[in-house]
Every structure is written in C-alpha cells, then in structure tokens.
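Asker: Quick one: sequence and predicted model below, then my questions.
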Amino acid sequence: MIESCTIIVGEPDEAVRQVHDRMPVILPRERQDQWLSPAVTDAEEVKKILRSAAPERLVIHRVGKGVGNAKNDDPEMIEKVHSD
C-alpha cells in the first residue's frame with residue numbers, strides 16, 4: 001500500500017487573488033464521495049466536483065513573513081499579526 005496525497009490548485013477566489021495567483025481547491029464534504037468515486041470519469045463532471053467551497057467560509061488574515069520559508073513548520077506560522 002502506498003499512502004500519498006495531492007494538492008490540486010486552481011484559480012483563486014476574489015479574496016485570495018489579492019495575495020496569490022492560485023489557491024488549493026477546497027472540496028466540500030458533500031462532494032467528497034463523488035471525487036473518490038471511480039465511476040466519475042467525465043472531465044466536465046470532474047471540473048464541477050472540483051469547484052471550491054463557498055468563499056465566505058474562508059477567513060483571511062495577515063501572518064508573519066516566516067510563512068514564506070518551507071523550513072518553518074510550527075503553529076505560530078498561522079497566527080494573526082497586526083499591521084502598523
């Protein structure tokens with residue numbers, strides 16, 4: 001058995017577009033079974049499944065510059081920082 005994962009990225013929503021040109025697809029729970037179904041093979045149906053969750057579910061806040069370095073991997077990376 002090989003355990004692995006993939007992050008699928010797509011076009012950013014309006015809020016994320018302000019800081020980056022792509023974002024991970026956020027798959028809502030109600031579409032997870034469809035995504036995992038081997039019966040879904042039509043490309044257009046897959047595109048519909050991979051629509052991101054509602055943007056209002058995202059919370060965006062400023063974080064420290066350390067988040068830009070892959071060597072930094074601790075909970076402080078997602079703590080909110082205040083701009084002056």
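Answerer: Received, thanks. Numbers count the residues shown, from 1 in each chain.
Asker: Arg51 in helix, strand or coil?
Answerer: coil (DSSP: H, G, I helix; E, B strand; the rest coil).
Asker: Look up how far Arg31 lies from it.
Answerer: Per C-beta to C-beta, to the nearest Å, Arg51 is found 8 Å from Arg31. (Glycine included, C-beta is placed from N, CA and C.)
Asker: And Pro75, by the same measure?
Answerer: In this structure, Pro75 and Arg31 are 29 Å apart, going by C-beta to C-beta.
Asker: Which one's more surrounded, these two?
Answerer: Arg31 (14 against 6; other C-beta atoms under 10 Å).
Asker: who's in contact with the more buried one?
Answerer: With contact set as C-beta atoms under 8 Å, 6 or more residues apart in numbering, Arg31 has these partners: Ile49.
Asker: need the contact list for the residue positioned nearest the centre of the chain.
Answerer: Nearest to the mean C-alpha position of the chain, counting by C-alpha atoms, centre = their mean, stands Pro24 at 2.8 Å. Pro24 makes contacts with 7-10, as judged by C-beta under 8 Å, 6+ apart.
Asker: and it, what are its phi and psi?
Answerer: Note on Pro24: its backbone torsions stand at phi -60, psi 140 [degrees, to the nearest 10].
Asker: Tell me what it is bridged to.
Answerer: Beta-bridge partners for Pro24, by DSSP bridges, are Val9.
Asker: For it, give me the pLDDT.
Answerer: The per-residue pLDDT reported for Pro24 equals 90.
Asker: How much space separates it from Asn72?
Answerer: The gap separating Pro24 from Asn72 is 19 Å, by C-beta to C-beta.
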